[in-house]
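Participant: this one's sequence-less:
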């Protein structure tokens, strides 16, 4: 009887020990699995956070292999719609060549000029490249090196009797919204206070129509654009006043955190300057080399 009890007790104890060992092993496996899943999730989260942080800290220069150029399509000869319906212009030709050398596909994106900052900051465009004045805006963008100089001038009708700034007294003057000419005039209160009115126009094509119709007396604008307009129009009814409002420099504007693209772009522009490509494109549009390096 004692022997049977001992055997039964031993068997019960053995079963208990086996069950305990099985539970411990199961708990260990479960804990190890949970730990592995936790580490994987943590690693995935870290990678996602790192990717997001990298995206915020510096935009990738390739942007899916494209260079999207924001420009005013009514700003000849820098960027506009040609007679064939295609986008063209001096700056757009420069941008196309630069993109080619960078191994990127060029994309021309016309924008409302007064919405250029929103377009750039939202990532709709990569650069602002369209007779874009860096003078006075040095801290607002990340810039390429300036490639061209320009002046702000007044255009008037030849028969207006206006020959200098004093002739603008009690006259209606127009300027493009959010343009360099507007910024210059805002600083010249003594002059603008003598005007009858200072109006704003969305683009200079509209401004020239207003000037031609007599709706305004003078148009403040970029000299390079004014000269092109006077040369290509079938009329000699307009003149540019001799005295300039201000002198400025053109450059390519980028978002401040897009240094990778700026450096890549500047390298392409430097090479284009060194091998004469900028000079060649300039001569095609202006009949001379207008780049800063030639001054």
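Facilitator: Yes, it's here. Small disclaimer: the values here were computed from a predicted structure and weren't measured. Numbering: from 1, shown residues only.
Participant: now the helices: where do they sit in the stretch 101-250 of the chain?
Facilitator: For the stretch 101-250 of the chain, the helices defined by DSSP state H, counting those that start in this stretch occupy 116-122, 180-186, 189-192, 204-213, 223-232.
Participant: can you pull the buried residues of the third one?
Facilitator: Taking 16 or more other C-beta atoms under 10 Å as the neighbour-count basis, helix 189-192 is seen to contain the buried residues 191-192. C-beta: built from backbone N, CA, C; applies to glycine.
Participant: residue ranges with poor pLDDT in the protein?
Facilitator: Along the chain, the parts satisfying pLDDT under 70 run over 1-63, 294-295.
Participant: same thing but at 80, please
Facilitator: Low-confidence segments of the chain, defined by pLDDT under 80: 1-63, 234-235, 293-295.
Participant: center of it - which residue?
Facilitator: Using C-alpha atoms, centre = their mean, the residue of the chain that lies closest to the mean C-alpha position is residue 127, 2.6 Å off.
Participant: how near is it to residue 211?
Facilitator: When C-beta to C-beta, to the nearest Å is applied, the distance between residue 127 and residue 211 equals 31 Å.
Participant: quick revisit: quick one: closest of the helices of the stretch 101-250 of the chain to residue 137.
Facilitator: When the helices of the stretch 101-250 of the chain are ranked by proximity to residue 137, the top entry is helix 180-186, at 8.4 Å, counting by C-beta to C-beta.
Participant: what helices or strands is the closest one leaning on?
Facilitator: Counting contacts by 3 or more C-beta pairs under 8 Å, 6 or more residues apart in numbering; DSSP states H and E, helix 180-186 packs against strand 148-157, strand 172-176, helix 189-192, strand 218-222, strand 246-250.
Participant: how many neighbours does residue 123 have?
Facilitator: Residues near residue 123, counting by other C-beta atoms under 10 Å, number 12.
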